[in-house]
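Enquirer: only geometry, no sequence info:
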């Protein structure tokens with residue numbers, strides 16, 4: 001599909017928008033059609049644009065109108081990773097062979113090549129990049145190295161960290177002021193481990209910790225330190241996992257291990273940890289939204305009657321739980337102490353992903369309802385006005401849910 005056809009596919013009905021700042025104003029603003037497969041690598045927000053990877057393409061969509069602004073197609077035909085925003089003028093993506101720097105217009109500015117793959121015979125998968133506070137791009141290659149690249153595509157340094165295996169390079173999780181944290185096997189015989197690479201002193205491995213079968217999520221910042229979830233078994237319906245807090249040197253501070261499936265979502269400036277947990281093996285998930293103190297004591301909880309897709313954080317400390325409820329999208333809202341607030345009105349199918357833009361507007365992507373399905377299988381992009389004026393910059397979020405660099409927002 002060419003750019004003209006894509007622009008037509010991203011057309012929308014005219015709407016009149018007002019900026020929401022009170023619950024009475026919140027709700028659906030508009031919906032637009034976007035190409036099928038537009039979430040193969042994830043989405044992020046950059047200023048007034050929504051960036052989506054669709055297999056070998058990166059699509060830039062105007063967050064104010066839902067129309068396509070630009071498209072980049074990887075000349076090699078390889079699938080692209082989730083995009084990472086360096087700043088308003090530069091976005092980076094990876095394929096299995098290289099890091100690609102893209103201008104705001106979608107034009108390729110530079111390409112940095114990895115070394116020969118250390119994963120012969122496997123289908124190789126690309127990993128998204130992280131960005132340090134000084135703008136250095138950190139990319140994980142299938143050659144077993146973390147590559148540090150400046151914003152012009154020039155190499156700064158590299159560090160050997162091994163590979164995750166199963167066709168994957170090491171998985172970059174987040175950066176602290178001193179470390180890059182990755183999920184990897186330092187050697188082929190090792191289990192997947194949480195590994196810290198020193199960003200300053202020789203770029204050496206500072207610690208490697210076996211937390212269980214795998215590191216499934218990670219956040220950090222403030223008094224909470226580094227907080228990870230890790231699988232303890234994967235044979236049950238959802239897989240049991242535990243919640244582990246570490247200090248800046250990788251030493252264990254506290255553990256929550258109760259045989260449930262734990263998903264860590266955020267750390268507040270006060271060091272409180274926000275999670276969603278489910279029964280590991282029961283037919284009914286018994287989902288719970290929970291807030292933990294920086295010492296690992298549960299402070300508040302709320303039952304959830306939906307399948308959670310994303311938990312988003314407003315600058316006014318409103319929590320938005322986005323998920324699927326009886327085949328439709330639902331957005332529940334909570335105050336900081338998890339007291340329920342008025343839910344947002346959303347008319348969409350079950351969402352595949354969601355995020356807040358820089359003005360607190362909720363953007364979510366879902367399949368079109370069957371009654372509205374078209375032959376091209378396009379997806380539905382919806383924008384919902386929220387009471388929050390902006391996303392919360394002071395929360396630390398996992399890389400898989402971050403729209404920025406993946407850096408911890410508060411020092412450990």
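Expert: Thanks, I have it. Everything numeric here is computed off the predicted structure, so don't read it as measured data. Numbering: from 1, shown residues only.
Enquirer: Check which helices and strands the host helix or strand of residue 72 sits against.
Expert: Assigned by DSSP states H and E, residue 72 falls within strand 68-73. On a contact count with 3 or more Cβ pairs under 8 Å, 6 or more residues apart in numbering; DSSP states H and E, strand 68-73 meets helix 3-9, strand 57-62. (Each C-beta comes from the backbone N, C-alpha and C, glycine too.)
Enquirer: And the last one, what's buried?
Expert: What that stands for is strand 57-62. Within strand 57-62, the residues scored as buried using 16 or more other Cβ atoms under 10 Å are 57-62.
Enquirer: what about residue 233, neighbour count?
Expert: 13 (other Cβ atoms under 10 Å).
Enquirer: brain fart, residue 134
Expert: Look at residue 134: counted by other Cβ under 10 Å, it has 8 neighbours.
Enquirer: just to revisit the earlier point, comparing the helices and strands packed on strand 68-73, which gets the lowest mean pLDDT score?
Expert: Lowest mean pLDDT within the helices and strands packed on strand 68-73: helix 3-9, at a mean of 34.
Enquirer: Beyond that helix, next helix or strand please.
Expert: That would be, after helix 3-9 and using DSSP H and E, strand 27-34.
Enquirer: Quick check: buried residues in that following strand?
Expert: The neighbour-count check on strand 27-34 (16+ other Cβ under 10 Å) flags 28-34 as buried.
Enquirer: Now those residues in TSV, please, with extra columns for pLDDT.
Expert: Below are the buried residues of strand 27-34 laid out as TSV (pLDDT from 0 to 100):
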residue	pLDDT
28	71
29	74
30	75
31	79
32	79
33	78
34	73
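Enquirer: What segments of the stretch 201-350 of the chain are strands?
Expert: Secondary structure of the stretch 201-350 of the chain (DSSP state E, counting those that start in this stretch): strands at 205-209, 214-220, 226-233, 240-246, 252-256, 260-267, 273-279, 287-292, 298-304, 307-313, 319-325, 328-334, 340-344.
Enquirer: Which one of those lies nearest to residue 108?
Expert: Nearest to residue 108 among these is strand 307-313; the distance by Cβ to Cβ comes to 30.0 Å.
Enquirer: List the pairing partners of the closest one within its sheet, with orientation.
Expert: Note on strand 307-313: by DSSP bridges, its sheet partners are strand 319-325 (antiparallel).
Enquirer: Give the rounded mean pLDDT of the partner strand.
Expert: 91.
Enquirer: Compute the inter-axis angle for that strand and strand 328-334.
Expert: 150 degrees (axes from the mean of the first three to the mean of the last three Cα atoms, to 10 degrees).
Enquirer: residues in contact with strand 319-325?
Expert: With contact meaning Cβ atoms under 8 Å, 6 or more residues apart in numbering, strand 319-325 is reached by 274, 276, 289, 304-314, 329-336, 338, 344, 350-351, 354, 356, 362, 364, 386, 388.
Enquirer: mind listing the helices for the stretch 101-250 of the chain?
Expert: For the stretch 101-250 of the chain, no helices are identified by DSSP state H, counting those that start in this stretch.
Enquirer: still on that earlier bit, export the buried residues of strand 27-34 as JSON lines, with columns for distance to residue 226.
Expert: As requested, the buried residues of strand 27-34 are exported to JSON lines (distance: Cβ to Cβ, whole Å):
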{"residue": "28", "distance to residue 226": "38"}
{"residue": "29", "distance to residue 226": "38"}
{"residue": "30", "distance to residue 226": "40"}
{"residue": "31", "distance to residue 226": "39"}
{"residue": "32", "distance to residue 226": "39"}
{"residue": "33", "distance to residue 226": "41"}
{"residue": "34", "distance to residue 226": "36"}
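Enquirer: Out of these, which is nearest to residue 128?
Expert: residue 34 (20.1 Å).
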